[in-house]
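Chemist: Curious how this folds, go ahead:
(chains A and B)
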Amino acid sequence: MRLFLAALALIVGTMPAAAQWLDRPWPGIPRTADGKPNLAAPALRGPDGKPDLTGVWNAGQTLGRPEPSDLQPWVLELARKHQQEYHRSRPYYQCRPSGPEAERYGGWKRILQTPAVIAILNDDLTYRVIHMDGRQLEAEPASSWTGYSVGRWEGDTLVVESNGYNEKVWTSRYGVSHTDALRVIERYRRTNVGQLQVEVSYVDPGAYVKPWGFTATMRLAADTEMLEAVCERSSEHWGSLSDAAGAAVTVPRDVLARYVGVYKGIYGGRERTYEVSLSGSDLVATIVGPAIEGGLGAAGLEDGTPRPLVPISQTVFEGLGLGYQFEVGEKGPATAVIVIHISGPYRYARQK
Amino acid sequence: MRLCLAVLVLVAGTTPAAAQWLDRPWPGIPRTTDGKPNLTAPAPRGPDGRPDLTGVWNGATPDPVLDAANAQPWVNDLVRQRGQDYHRGRPSFQCRPSGLESDEFGGWKRILQTPTTLVILDVTSPIA
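Modeler: Down below sits the predicted model:
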């Protein structure tokens, strides 16, 4: 039990700080009369007349959620398996580079543009190099976490093609895999000083029935800096749902019934509600929220989808690698559930 | 023992390949008459007239020696303690950034220089 809880707490250090620590005016960006960055001004351009993407950018959450019908059957099957071991198998939680994973297009980036190379630096201290010297994509590049990228300008749009990803990287947090033939095509367009849009498309006929992708919008984080958010604790030694099932204990149904209810707390600065219910003889937890139609999130990775809770003891359960500890008295229903999340324990008080 | 070996194997995957996989002429560097890079030519300079450090660099690993007499006692104690726990304690063996560890100045780096920022990209992680 203590080992289980300790393992859950191991990757607390992976969460990036929310605040930026430095405010410093950047040189070379247009400003309004009051000295603030003029983010609506036309996009900056380099000496070659092409848009200059240099800067610190921040994007909201991105979601790569292909339709199950877009995936070859083996990819869909593997995605289901990865979801069962989500917190152990996702490269990000293993402190490994996320490569082309769609969700990692969100968050902080620094882009440096030089005539021959564009570098995209991530806040986890991984980076990509995009060759801009006119070379073609390598037919058989060395396999790597971040791939091999070449870029070219089509008008004011930077088109980047990449390949050479190793088999360990995912293309989506839902555990979507790929073959050696994966090509990622990105189209970057700086619409003005403050906004950079990127359309990402994953092309891999051996894995995907048809190309799929998403669009992300990055906002210029002017007059500030990007902090590092280094993963320091790997989930390598976390258990998985299948491990938990192997170590599961039997909890009588009348005990499980004490945990059924609605619990409210704060996660990520926002109110979150868990609904715990019985499904047959199994306990399931659902984060209350609008469900997204489709099958890829069915294992409980997002709001509105039930995640099975596997009993590790009479009061502690595991679901997708996170811990759920119910607070109980001598009798009656549980008063709270502690969800031991990646960033630490969160208490959700019983509402009903 | 098996656990120990397993841990060592885990770290092996983080060691960068010794060989570069691609030979391709770089544009913009001086060359000799036979087309080879002229490494003894004057250093390239940027638009501002300053030396341009941009490029892919490789150097031997430095071998600095800490003079124990020049270190505070607590530092020497910690050095001895870390020597006992070396493969578990050293950040690079934990897949963590090495920061300014002197040994990490060796090996492969890519430097990108722009008017306002110079970035040093390590084979494992960048120092910006």
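Chemist: Please enumerate the strands of the stretch 151-300 of chain A.
Modeler: For the stretch 151-300 of chain A, strands defined by DSSP state E, counting those that start in this stretch occupy the ranges A:157-163, A:183-192, A:195-203, A:212-220, A:261-267, A:270-279, A:282-287.
Chemist: Out of those, the one nearest chain B is which?
Modeler: Proximity of the strands of the stretch 151-300 of chain A to chain B was assessed by Cβ to the nearest Cβ; the nearest stretch is strand A:157-163, lying at 13.5 Å. (C-beta placed from N, C-alpha, C; glycine too.)
Chemist: which helices and strands sit right next to the closest one?
Modeler: strand A:148-154, strand A:183-192 (3 or more Cβ pairs under 8 Å, 6 or more residues apart in numbering or on different chains; DSSP states H and E).
Chemist: export these to a markdown table and tack on mean pLDDT?
Modeler: As requested, the helices and strands packed on strand A:157-163 are arranged in a markdown table below (pLDDT from 0 to 100):
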| stretch | mean pLDDT |
| --- | --- |
| strand A:148-154 | 96 |
| strand A:183-192 | 98 |
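Chemist: And the helices in chain A, which stretches?
Modeler: Chain-ordered helices for chain A, with DSSP state H as the definition, fall at A:2-9, A:73-84, A:86-89, A:241-246, A:253-257.
Chemist: Would you single out the least confident of those?
Modeler: Out of the helices of chain A, helix A:2-9 stands lowest, with a mean of 37 (criterion: mean pLDDT).
Chemist: Now for B:Pro27, how many residues are close by?
Modeler: A total of 9 residues lie near B:Pro27 under the criterion other Cβ atoms under 10 Å in any protein chain shown.
Chemist: Let me see the contact set for the nearest residue to it once chain neighbours are set aside.
Modeler: Spatial nearest neighbour of B:Pro27, excluding adjacent residues (Cβ to Cβ, 6 or more residues apart in numbering or on different chains): A:Asp133 at 5.7 Å. Taking Cβ atoms under 8 Å, 6 or more residues apart in numbering or on different chains as the definition of contact, the neighbours of A:Asp133 are A:Ala116, A:Val117, B:Trp26, B:Pro27.
Chemist: Kindly report the same for A:Asp70.
Modeler: For A:Asp70, the contacting residues are A:Tyr208, A:Val209, A:Lys210, A:Trp212, taking Cβ under 8 Å, 6+ apart as the criterion.
Chemist: So for it, what's the pLDDT?
Modeler: What the model reports as pLDDT for A:Asp70 is 93.
Chemist: I would like the residues contacting the top strand by length along chain B, please.
Modeler: Secondary structure of chain B read by DSSP state E shows that its longest strand is strand B:107-113. With contact meaning Cβ under 8 Å, 6+ apart, strand B:107-113 is reached by A:112, A:114, A:117, A:119, A:129, B:16, B:20, B:46, B:52-59, B:61, B:118-123.
Chemist: what's the average pLDDT for the helix or strand that that strand is followed by?
Modeler: Counting by DSSP states H and E, the element after strand B:107-113 in chain order, helix or strand, is strand B:118-122. If you average the pLDDT over strand B:118-122, you get 93.
Chemist: which other helices and strands contact strand B:118-122?
Modeler: Against strand B:118-122 (3+ Cβ pairs under 8 Å, 6+ apart) you get strand A:117-122, strand B:107-113, strand B:126-127.
Chemist: could you check whether the first one is close to chain B?
Modeler: Right, strand A:117-122. Yes: if you take Cβ under 8 Å from any Cβ of the partner chain as the test, strand A:117-122 does meet chain B, through A:Val117, A:Ala119, A:Leu121.
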